[in-house]
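Enquirer: Sequence and predicted model, in that order:
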Amino acid sequence: MPAPEFRRSGVVTVEDLRGLGLLPPEGRLREGAVAILECPEMIPCNICVPYCPTKAIRMDRLVDLPRVDWDKCVGCGVCVAVCSGLAAFVVDLSKSDADYVTVPHEFLPAPKAGDEVTLLSRRGERVGKGVVVRVWERNKTHVVTVKVPKGLGMEVRAVWVERG
Ligand code: SF4
Ligand code: SF4
């Protein structure tokens, strides 16, 4: 079997996630904030599991892919803060006027609530502007929630603070 394309490109696509069963069902995505663990390789890591406050993440073996119980996930973003692979995100596609995406951010300067930031796609391409609505920090990883244009919730995976 050929190696998955994301190993060559470094880009995990929505189709990859769907194929691996790592996407919440459409109905759950429309209900409100939910974690998406974009973690497609069987690597020995389970740091997200013990830190999830609702015990929503399950791995039977250390090298399994992390599985989220979408009904237990409350979208808190703790997994975003602790994931050493920067592979955990929270999306909220439930609002009619905009999507909300929570991403890890380890660059400086860190964004602040109210900042307008450049939105980067999962390929690292600029795809528009968004407004930061919340920032908190844990161990020098900033957890940034950004309001993005409707339809970009599954595409924006980083924000960039443009220097004037
Ligand atoms: S967002 Fe919070 S509740 Fe949901 S999986 Fe991550 S840590 Fe658990
Ligand atoms: S902490 Fe991140 S890299 Fe490790 S298993 Fe969880 S989602 Fe994957």
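Expert: Structure received. Ligands and ions are numbered 1, 2, ... in the order given.

Enquirer: State whether Pro109 is indeed within a helix.
Expert: No: under the criterion used here (DSSP: H, G, I helix; E, B strand; the rest coil), Pro109 is coil, not part of a helix.

Enquirer: Just read off the phi/psi values of it.
Expert: For Pro109, the backbone dihedrals (degrees, to the nearest 10) come out as phi -70, psi 150.

Enquirer: Equivalent analysis for Leu152, please.
Expert: phi -100, psi 0.

Enquirer: Tell me how far it lies from Arg163.
Expert: 23 Å (C-beta to C-beta, to the nearest Å). The way it works is simple: take the backbone N, C-alpha and C, and place the C-beta from them, glycine included.

Enquirer: hmm, who's touching the top strand by length along the chain?
Expert: Longest strand of the chain, by residue count under DSSP state E: strand 126-138. With contact meaning C-beta atoms under 8 Å, 6 or more residues apart in numbering, strand 126-138 is reached by 77, 81-82, 100-102, 110-121, 142-149, 152, 155-156, 159-160.

Enquirer: More neighbours: Leu152 and Arg163, which one.
Expert: Leu152 (19 against 5; other C-beta atoms under 10 Å).

Enquirer: Now stretch 130-144: average pLDDT?
Expert: Throughout stretch 130-144, pLDDT has a mean value of 97.

Enquirer: Show me which residues of the protein sit near ligand 2.
Expert: 37, 39, 45-48, 66, 83-85, 87-88 (C-beta under 6 Å from any ligand atom).

Enquirer: The same query, at a cut-off of 8 Å, please.
Expert: 37-39, 43, 45-49, 57, 59, 65-66, 79, 82-88 (C-beta under 8 Å from any ligand atom).

Enquirer: show me which of the contacts of strand 126-138 neighbour ligand 1.
Expert: 77, 82.

Enquirer: Out of the contacts of strand 126-138, name the ones that lie in helices.
Expert: 81-82 (DSSP state H).

Enquirer: Inside strands: which ones of the contacts of strand 126-138?
Expert: Per DSSP E, the subset of the contacts of strand 126-138 in strands is 100-102, 116-121, 142-149, 156, 159-160.

Enquirer: OK, contacts around the most centrally placed residue in the chain?
Expert: The structure's the chain has its C-alpha centroid closest to Phe89; by C-alpha atoms, centre = their mean the separation is 1.5 Å. Counting by C-beta under 8 Å, 6+ apart, Phe89 touches 35-38, 80, 101-103, 157.

Enquirer: Show me what counts as buried in the longest strand of the chain.
Expert: Residues 127, 130, 132, 135 are the ones in strand 126-138 that count as buried (16 or more other C-beta atoms under 10 Å).
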